[in-house]
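> just need the structure, nothing else, for what follows:
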Amino acid sequence: MTESRNELRIRLKKLRSLQSDETIKNKSKVIADRLFSLQKFQESKQIAFYSSFNNEVSTDSMIDYSISLDKDVFLPKINQSKNTMSFYKINSRDDLEKGALNILEPSLKQRSLLSEYTFKLIIVPGIAFDYSGNRLGFGYGYYDSFLKDKNNLYKIGLAFDFQLSEIEPKTNDVPMDLILTETGLIRPK
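This is a model prediction of the structure:
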């Protein structure tokens, strides 16, 4: 019998919490290097990232490096009352402040919301991913709601190897185009 989505979330969050800061840093660097070597990354002038927290694959160096390359970097801001997520351009990680769910988000002074999203590459967090590109998030649905009907976005999930697992997809789940881990990349069929 396969784990329920909630059981899988609990198990993988626990495994993630057991990793040392040094292990997370080292694995995240390998994943970052993998991302930077992708043609899709190199060709993208604008990229949306997530702000890592709770022992996720760290995006800090990815954000800093992308800004140093003069790429436009966007991060999400959550509106809990509307159950939505919007992306704002940042100039550095200094433009972030703690927001919803205690995650760093673009600050109030950074509110240059785009009416049209111009980025075509989005880096997506997750609790688990599978070899078909399915993603298990935290259960709030922010990313699935945002990604729905945005077929022009190339979606890259970042995960540690132990986060690759069998996932029973739900109808509103949006699959990834590529998943990067510390040992390789998964191109779903």
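> buried residues in stretch 155-162, which are they?
155-160 (16 or more other CB atoms under 10 Å). Where C-beta positions appear, they are placed from N, C-alpha and C, glycine not excepted.
> how about stretch 74-83?
For stretch 74-83, by 16+ other CB under 10 Å, it's 74-78.
> try stretch 94-106
95-96, 99, 103-106.
> repeat for stretch 18-37
Going by neighbour count (16+ other CB under 10 Å), the buried part of stretch 18-37 is 24, 27-28, 31-32, 34-35.
> closest to Lys189 out of those residues?
Nearest to Lys189 among the buried residues of stretch 18-37 is Arg34, at 20.0 Å by CB to CB.
> residue contacts, the closest one?
180, 185 (CB atoms under 8 Å, 6 or more residues apart in numbering).
> which helix or strand lies directly C-terminal to the helix or strand it falls within?
Assigned by DSSP states H and E, Arg34 belongs to helix 21-36. Per DSSP H and E, the first helix or strand lying C-terminal to helix 21-36 is helix 39-43.
> what helices or strands is that next one leaning on?
Here helix 39-43 touches no other helix or strand, going by 3 or more CB pairs under 8 Å, 6 or more residues apart in numbering; DSSP states H and E.
> which outside residues touch that helix?
So helix 39-43 is contacted by 35-36, 47, 121, 154, 156, 178 (CB under 8 Å, 6+ apart).
> of those residues, just say which sits nearest to Tyr143.
For the contacts of helix 39-43, the nearest to Tyr143 is Ile156 (12.3 Å; CB to CB).
> show me the contacts for the closest one.
Residues near Ile156 by CB under 8 Å, 6+ apart: 35, 38, 40, 121-124, 176-180.
> on that earlier part again, now pLDDT and secondary structure too, for the buried residues of stretch 94-106, in a markdown table please.
A markdown table is the format used below for these (pLDDT from 0 to 100; DSSP: H, G, I helix; E, B strand; the rest coil):
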| residue | pLDDT | secondary structure |
| --- | --- | --- |
| Asp95 | 90 | helix |
| Leu96 | 91 | strand |
| Gly99 | 89 | coil |
| Ile103 | 93 | coil |
| Leu104 | 93 | strand |
| Glu105 | 92 | strand |
| Pro106 | 90 | strand |
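> which one among the residues you listed gets closest to Asp130?
Closest to Asp130, out of all of the buried residues of stretch 94-106 and judged by CB to CB, is Ile103, at 24.4 Å.
> per-residue confidence at the residue most central in space within the chain?
Centroid-nearest residue in the chain, with CA atoms, centre = their mean: Val124, separated by 2.3 Å. With respect to pLDDT, Val124 has a value of 97.
> that one and Leu153 touch, don't they?
No. Contact criterion CB atoms under 8 Å: Val124 and Leu153 do not qualify, at 9.5 Å.
> overlap of the contact sets of the two?
Leu147.
> what's the spacing between Pro188 and Ala128?
Distance of Pro188 to Ala128, given as CB to CB, to the nearest Å: 14 Å.
> appreciated, that's everything.
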